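Novice: Pasting a predicted model and its sequence here:
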Amino acid sequence: TADMLAFFSEHFGPYPFDAYGIVIVDFPRDAPLAMETQTLSQHGEEEDALSEYIIAHELAHHWFGNSVSLKNWQDIWLKEGAAIYAEWLWLEHKEGGDALDAKVRSVYPMEAFSPNPPGNPLSTNLYTNTIYDRSAMTFHALRLRVGDEVFFQILQTYTERFRYGNADTAD
């Protein structure tokens, strides 16, 4: 976790709170694997809930979701896409660029032509794969378009400008 905090702080800007912790919770069977709350990630007891990529996802929400919150639910892709993309960045950090490329290639066929693009979630279910994976692909497409230096500067500017406030897609 300390390595992740350092890595994400380098890419997203300083960690936005004074403390960070993880607690293992006896979630009901129909609950999510994990959930972020400000300064604390809660993870279920299942092995999947404690994978380093789920830990990375919930940690990333401290920048994208807890410090910079949504102006409205249509913008949920900003926090969930950023958290999934943080997982992918951690994968790239640990295993290299080829691992990231393979991840993107595995997700693309399932999400590229989804009828509900980021910014237009289903009102009956905000938490679809589109909100997670296609939104992460949107972050990746921006990174490919502008290059690493500009992309990570965009993320840092965003988290600094809207720290402890709300943002939407236009922001």
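Specialist: Done, it's in.

Novice: longest helix in this structure, by residue count?
Specialist: The longest helix of the chain (DSSP state H) is helix 76-95.

Novice: Report all helices and strands that that helix contacts.
Specialist: helix 2-12, helix 52-60, strand 68-70, helix 97-111, helix 135-146 (3 or more C-beta pairs under 8 Å, 6 or more residues apart in numbering; DSSP states H and E). For the C-beta atoms, the positions are set from N, CA and C on the backbone; glycine is no exception.

Novice: Let's have those in TSV, adding mean pLDDT.
Specialist: Conversion of the helices and strands packed on helix 76-95 to TSV gives the following (pLDDT from 0 to 100):
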stretch	mean pLDDT
helix 2-12	97
helix 52-60	94
strand 68-70	95
helix 97-111	91
helix 135-146	96
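
Novice: Turn the ones you listed into JSON lines, including distance to Gly21 and mean neighbour count.
Specialist: Formatted as JSON lines, those follow (distance: least, C-beta to C-beta, whole Å; neighbours: other C-beta atoms under 10 Å):
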{"stretch": "helix 2-12", "distance to Gly21": "11", "mean neighbour count": "15"}
{"stretch": "helix 52-60", "distance to Gly21": "11", "mean neighbour count": "21"}
{"stretch": "strand 68-70", "distance to Gly21": "20", "mean neighbour count": "19"}
{"stretch": "helix 97-111", "distance to Gly21": "28", "mean neighbour count": "13"}
{"stretch": "helix 135-146", "distance to Gly21": "26", "mean neighbour count": "18"}
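
Novice: Dump the ones you listed into TSV; add distance to Gln156 as well.
Specialist: Formatted as TSV, those follow (distance: least, C-beta to C-beta, whole Å):
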stretch	distance to Gln156
helix 2-12	6
helix 52-60	14
strand 68-70	12
helix 97-111	20
helix 135-146	13
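
Novice: so who does the residue nearest to His57 when sequence neighbours are not counted touch?
Specialist: Spatial nearest neighbour of His57, chain neighbours left out: Ala83 (4.6 Å); criterion: C-beta to C-beta, 6 or more residues apart in numbering. Counting by C-beta atoms under 8 Å, 6 or more residues apart in numbering, Ala83 makes contact with His57, Glu58, Ala60, His61, Phe64, Gly65, Tyr132.
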